[in-house]
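**Q** my questions are about this predicted structure, shown below with the sequence.
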Amino acid sequence: MREEDRLSILESGSYVSSLLSRLDRILLQALGDRVRGVAILHPSSTHRPLSQGQPTLLSTVDVGLILDPIQALRLVDHGPRADEDERLTQTFRDFWGEKSELRRFKDQSIQESVVWEVNTPAERVHIPLRIMEHVMLRHFGIKKVESIGPSYDALLAIPPSIGKYRGIPESASGFRSAMQAFDELVKAIKAMDLPLSLVSCTPVAEGLRYTSVFPPVPIPTSRLHSMSECSRYTAVHEAILMFEKSAKWPDDLGAIQKLKLAWLEKLARLVVDKFNGSRAEVAIDDGTSPIEDNASLEILLSEGHAFRFRIYHDRERTLLERKLDDKEVQGFDQHEAQMALDLHIRRFMHAPQHHAAIMNMHHRYIGWSPSVRLVKRWCAAHMLSLHICPEVLELLVAHVFLRADAQPVPHTGPCGFVRTLDLIRNWDWKDEPLIVPLYTAAGLEDPDTPAVFAKEKNEQAQKNFKESRTLDPGMSKGAWFIATEEDVKSTRWTGLGRMPTPMIADRLRMLAKASYQFLEQGTEAGGFDVKVRFVGSGEQP
């Protein structure tokens, strides 16, 4: 044993304490500013006979990390420059071993560096774990380092066999592939010879804001004929087309819908001519009224990504509101106009605004996307996703990230998921509203800056909540009251027939309690299979 090791044991009081102290120092040195804190968790000392001088050696040690959202996932760790003291260089090489290499960078500097290669964005999330594995093997000879992260990742990943069956490489699937296909399609539409130029195309789909449970997996059109009907399903990404204003639009609501059909039909022909092997069809929503937005363009590109475009015409809202104000419009006609107006506002105003706010959350927090996807996966596994719309689940997770309390913001998907379970199980939704400063957060650049709900908005939301419970004490219109700055009445996503009923809310709370307890017990026991909590509620794990 080296002399410095003997001194360390004497100073620490035991070999175990010395080992844990050294482990803490090594991890802090290796992770550096990637983390804000490292916690070494181990069982407390137990009673032992006087004849036993040293504590029992530990078989396992739990390590907890608080990641820095900006630095945690960088690919390169920089060491001393080539022209610096050779002793610094040797110290760096001794610490990192074979991972250390001399590299030249864009600014022409030459430095010792450690580079962590990744092939996919999902692999980048595990860079801190790879660093821990490397230094523990090099400095302690520990070959087995387990993390619960990969167990959760498996719940959100599509098996490689699916991509192989569909005939596409792994690089062609995923959110980035869908985003690129969408951008190329919009760019092509803007360049087309249309009567009115395209001003904007706003996505409103989960797959285009990184919150769909599974990343989009396309099916090349060339393989559709050889696949069974049930295996041809492809997620459709919706978006809103907005063209430049023109006085040529009619002032009749029914005529506007017919003009949209003609416009989309022309666009369909141009898309098919522009993209070889693609398909484009104009669809009409079933069961809609003649004055309601009911036309869309469905496009399937040759590589397999599918999109649905709708046209936004700002004058529709004015005409619908004018019709509702007309005292001669009564009965069914008034109800028809109200339904059309509600749909127009939700589809062309609320949905794009919500999409933009959620995209901001994705760019603001590294743990946002996996947290939302895990919550949706858990909800779907218990067959409740049809009772709770995706936007509401996104608001629940947003509350966890934006709440103004002492808890640090989750920087990983598992942490965000567990925090959301904790919110659901403890939220007394019968007597408390949930207030989410979603749009305030969109204007903040620093992810560590708390988003504070304006006092006036908060008071208004509290007042609206009390009124809703007074007018509807049985909560027949819905159980949850979730307000944002732009929706202090909680009507956008929770007051349109998509709100969970009290029975569903109670069921979800019960499941959250059971899942949280299971995860808590599994952590204390030293490990568990996370998939157990994602089986259907009627199944046995």
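**A** Structure's in. What do you need?

**Q** what's the pLDDT at Pro169?
**A** Listed pLDDT for Pro169 reads 60.

**Q** scratch that, Met339
**A** pLDDT, the model's per-residue confidence, is 89 for Met339.

**Q** could you pull up the residues touching it?
**A** 289, 292 (Cβ atoms under 8 Å, 6 or more residues apart in numbering). For the C-beta atoms, the positions are set from N, CA and C on the backbone; glycine is no exception.

**Q** that one and Ile311: what is the separation?
**A** According to Cβ to Cβ, to the nearest Å, Met339 and Ile311 sit 19 Å apart.

**Q** same check, this time on Ala461
**A** When Cβ to Cβ is applied, the distance between Ala461 and Ile311 equals 34 Å.

**Q** ok, Gln460 next?
**A** The span separating Gln460 from Ile311 equals 34 Å under the rule Cβ to Cβ.

**Q** so between the two, which is more surrounded?
**A** Neighbours per residue, other Cβ atoms under 10 Å: of Gln460 and Ile311, the larger number sits with Ile311, 22 against 15.

**Q** quick one: contacts for the more buried one?
**A** Contacts of Ile311 were listed using Cβ under 8 Å, 6+ apart, and they are 240-243, 260, 263-264, 295.

**Q** which two from these end up farthest apart in space?
**A** With Cβ to Cβ as the measure, no two of the contacts of Ile311 lie farther apart than Met242 and Ala295, at 15.1 Å.

**Q** these two: who's more crowded?
**A** Comparing Met242 with Ala295 by neighbour count (other Cβ under 10 Å), the higher total belongs to Ala295, at 23 against 17.

**Q** pLDDT score assigned to the more buried one?
**A** Residue-level confidence at Ala295 comes out at 93, pLDDT.

**Q** and for Leu198?
**A** Confidence score, pLDDT, at Leu198: 92.

**Q** can you count the residues close to it?
**A** As a burial measure, the neighbour count of Leu198 was computed by other Cβ under 10 Å and equals 17.

**Q** offset the numbering so it begins at 249, please.
**A** With 249 as the first residue, the last one maps to Leu446.

**Q** count of neighbours near the residue lying closest to it once chain neighbours are set aside?
**A** With Cβ to Cβ, 6 or more residues apart in numbering as the criterion, Leu446 has its nearest non-adjacent residue at 4.8 Å, and that residue is Lys438. Around Lys438 there are 13 other residues, counting by other Cβ under 10 Å.

**Q** just read off the phi/psi values of Ile683.
**A** phi -110, psi 120 (degrees, to the nearest 10).

**Q** tell me what it is bridged to.
**A** Ala731 (DSSP bridges).

**Q** pull the number of nearby residues for it.
**A** Neighbour number of Ile683 under other Cβ under 10 Å is 22.

**Q** these two touch, right, the residue nearest to Leu446 and Val447?
**A** No: counting by Cβ atoms under 8 Å, Lys438 sits too far from Val447 to count as a contact (9.2 Å).

**Q** all strands of the protein, in order?
**A** With strands called from DSSP state E, the chain shows them at 283-289, 310-315, 324-329, 348-352, 358-363, 446-451, 484-491, 527-532, 543-548, 554-560, 682-683, 730-731.

**Q** possible to save those as JSON lines with distance to Gly422?
**A** As requested, those are arranged in JSON lines below (distance: least, Cβ to Cβ, whole Å):
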{"stretch": "strand 283-289", "distance to Gly422": "27"}
{"stretch": "strand 310-315", "distance to Gly422": "23"}
{"stretch": "strand 324-329", "distance to Gly422": "24"}
{"stretch": "strand 348-352", "distance to Gly422": "29"}
{"stretch": "strand 358-363", "distance to Gly422": "23"}
{"stretch": "strand 446-451", "distance to Gly422": "16"}
{"stretch": "strand 484-491", "distance to Gly422": "13"}
{"stretch": "strand 527-532", "distance to Gly422": "22"}
{"stretch": "strand 543-548", "distance to Gly422": "18"}
{"stretch": "strand 554-560", "distance to Gly422": "15"}
{"stretch": "strand 682-683", "distance to Gly422": "32"}
{"stretch": "strand 730-731", "distance to Gly422": "30"}
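
**Q** measure the closest residue to Ile396 other than its chain neighbours to Glu477 for me?
**A** If the residues on either side of it in the chain are set aside, Ile396 comes closest to Pro662, at 6.0 Å by Cβ to Cβ, 6+ apart. From Pro662 over to Glu477 the distance is 37 Å, taken as Cβ to Cβ.

**Q** which residues are in contact with Thr459?
**A** The neighbours of Thr459, taking Cβ under 8 Å, 6+ apart as the test, are 606, 610, 617, 620-621, 624, 638, 642.

**Q** any of those residues buried? List them.
**A** For the contacts of Thr459, a burial check counting by 16 or more other Cβ atoms under 10 Å picks out 606, 617, 620-621, 624, 638, 642.

**Q** distance-wise, check the residue nearest to Val623 when sequence neighbours are not counted relative to Phe649.
**A** Using Cβ to Cβ, 6+ apart and skipping residues adjacent in sequence, the residue nearest Val623 is Thr668, 5.0 Å away. Separation of Thr668 from Phe649 (Cβ to Cβ): 9 Å.

**Q** got any residues that touch both of the two?
**A** Contacts common to Thr668 and Phe649, judged by Cβ under 8 Å, 6+ apart, are Ser619.

**Q** who has more neighbours, those two?
**A** Remark: of Thr668 and Phe649, Thr668 carries more neighbours, 26 against 23, as counted by other Cβ under 10 Å.

**Q** so that one sits against Leu644, correct?
**A** Yes: taking Cβ under 8 Å as the contact criterion, Thr668 and Leu644 are neighbours in contact, 6.0 Å apart.

**Q** using PDB, write out every CA atom in stretch 431-449.
**A** Coordinates of each C-alpha in stretch 431-449 appear next as PDB, following Å, rounded to 0.1, in the frame of the first residue of the first chain:
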ATOM      1  CA  ASP A 431     -38.300  22.200 -43.700                       C
ATOM      2  CA  GLU A 432     -37.600  21.000 -47.200                       C
ATOM      3  CA  LEU A 433     -41.300  20.700 -48.000                       C
ATOM      4  CA  VAL A 434     -42.100  24.200 -46.700                       C
ATOM      5  CA  LYS A 435     -39.100  25.600 -48.700                       C
ATOM      6  CA  ALA A 436     -40.400  24.000 -51.800                       C
ATOM      7  CA  ILE A 437     -44.000  25.300 -51.300                       C
ATOM      8  CA  LYS A 438     -42.600  28.800 -50.800                       C
ATOM      9  CA  ALA A 439     -40.800  28.500 -54.200                       C
ATOM     10  CA  MET A 440     -44.000  27.300 -56.000                       C
ATOM     11  CA  ASP A 441     -45.800  29.500 -58.500                       C
ATOM     12  CA  LEU A 442     -49.000  30.200 -56.500                       C
ATOM     13  CA  PRO A 443     -51.500  33.000 -56.800                       C
ATOM     14  CA  LEU A 444     -50.600  34.200 -53.300                       C
ATOM     15  CA  SER A 445     -47.100  33.700 -51.700                       C
ATOM     16  CA  LEU A 446     -46.700  31.600 -48.600                       C
ATOM     17  CA  VAL A 447     -46.100  33.800 -45.500                       C
ATOM     18  CA  SER A 448     -45.500  31.100 -42.900                       C
ATOM     19  CA  CYS A 449     -46.000  27.500 -42.200                       C
END
